[in-house]
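>>> here are the coordinates; sequence isn't available:
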């Protein structure tokens with residue numbers, strides 16, 4: 001896998017600035033629709049390229065922001081159109097239903113703050129966009145919040161790649177550890193919510 005990523009980064013570095021921007025945009029968009037795509041590392045790499053080539057740091061930041069926001073809104077539109085059918089255990093089996101229910105609790109409790117935080121919640125970005133669509137939150141407010149989230153997050157990691165320079169690959173380890181930390185917190189929150197719901201049901205039954 002590391003060899004594959006290395007080939008991708010070498011290929012991007014061989015492109016003209018225009019085509020590098022196109023690829024960064026496409027991956028920033030795709031990462032929000034197909035989570036296994038290593039979008040964050042490509043954006044970090046784009047920041048690094050801005051420190052060594054003709055690629056512009058602010059253009060990378062801008063297209064990564066737009067790509068991320070459009071990716072979020074794509075799944076928002078899917079969730080909006082499909083509604084509660086997405087929660088069905090017999091349909092859309094590629095969607096992690098446990099994360100969907102956690103994201104639903106977050107959205108119902110915190111509303112648009114969850115959309116603003118979504119880019120920082122590694123491993124739950126896609127399900128948050130689906131749930132926000134399913135609950136039919138306002139499209140313009142959602143677009144604004146998701147763009148703000150992408151703007152802040154991509155700005156941070158783009159600049160990190162620019163500032164670190166030749167050592168940009170160390171960000172992979174930091175992002176991996178960050179992802180595990182967020183995943184652990186998500187699982188913990190899920191367990192707590194499950195226990196609370198079960199206790200409430202038990203009290204009602206009594």
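Happy to help now that I have it. As the structure is a computational prediction, the values presented were derived from the model and not from experiment. Numbers count the residues shown, from 1 in each chain.

>>> how far away is the residue positioned nearest the centre of the chain from residue 7?
Centroid-nearest residue in the chain, with Cα atoms, centre = their mean: residue 125, separated by 4.0 Å. To residue 7, residue 125 is 25 Å away according to Cβ to Cβ, to the nearest Å. Where you see a C-beta, it was placed from the backbone N, CA and C, and this is true even at glycine.

>>> Please verify my assumption that residue 80 contacts residue 134.
Yes. Using Cβ atoms under 8 Å, residue 80 is in contact with residue 134, at 7.1 Å.

>>> Give me the more crowded residue out of the two.
Neighbour comparison, residue 80 and residue 134: the larger count goes to residue 134, with 23 against 18 (by other Cβ atoms under 10 Å).

>>> Identify the residues contacting the more buried one.
Going by Cβ atoms under 8 Å, 6 or more residues apart in numbering, residue 134 touches 79-80, 82-84, 86-87, 104.

>>> out of those residues, which are inside helices?
Members of the contacts of residue 134 lying in helices (criterion: DSSP state H): 79-80, 82, 104.

>>> top of those by neighbour count?
residue 79 (26 neighbours).

>>> isn't it right next to residue 131, touching?
Yes. Residue 79 is in contact with residue 131 according to Cβ under 8 Å; the separation is 6.6 Å.

>>> Next, work out how far apart residue 12 and residue 75 are.
Residue 12 sits 25 Å away from residue 75, taking Cβ to Cβ as the criterion.

>>> Can you pick out the residue with more neighbours from those two?
Shown here are residue 12 and residue 75; by other Cβ under 10 Å, residue 75 has more neighbours (21 against 18).

>>> packing partners for whichever helix or strand that one is part of?
In this structure, residue 75 sits in helix 57-82 according to DSSP states H and E. Contacts defined by 3 or more Cβ pairs under 8 Å, 6 or more residues apart in numbering; DSSP states H and E place helix 57-82 against helix 17-33, helix 39-52, helix 125-134, helix 139-164.

>>> contacting residues around the closest residue to residue 26 other than its chain neighbours?
Nearest residue to residue 26, sequence neighbours excluded (Cβ to Cβ, 6 or more residues apart in numbering): residue 67, at 7.1 Å. By Cβ under 8 Å, 6+ apart, residue 67 lies in contact with 24-29, 32, 150.

>>> Just name the lowest-scoring one in those, pLDDT-wise.
In terms of pLDDT, the least confident member of the contacts of residue 67 is residue 32, at 82.
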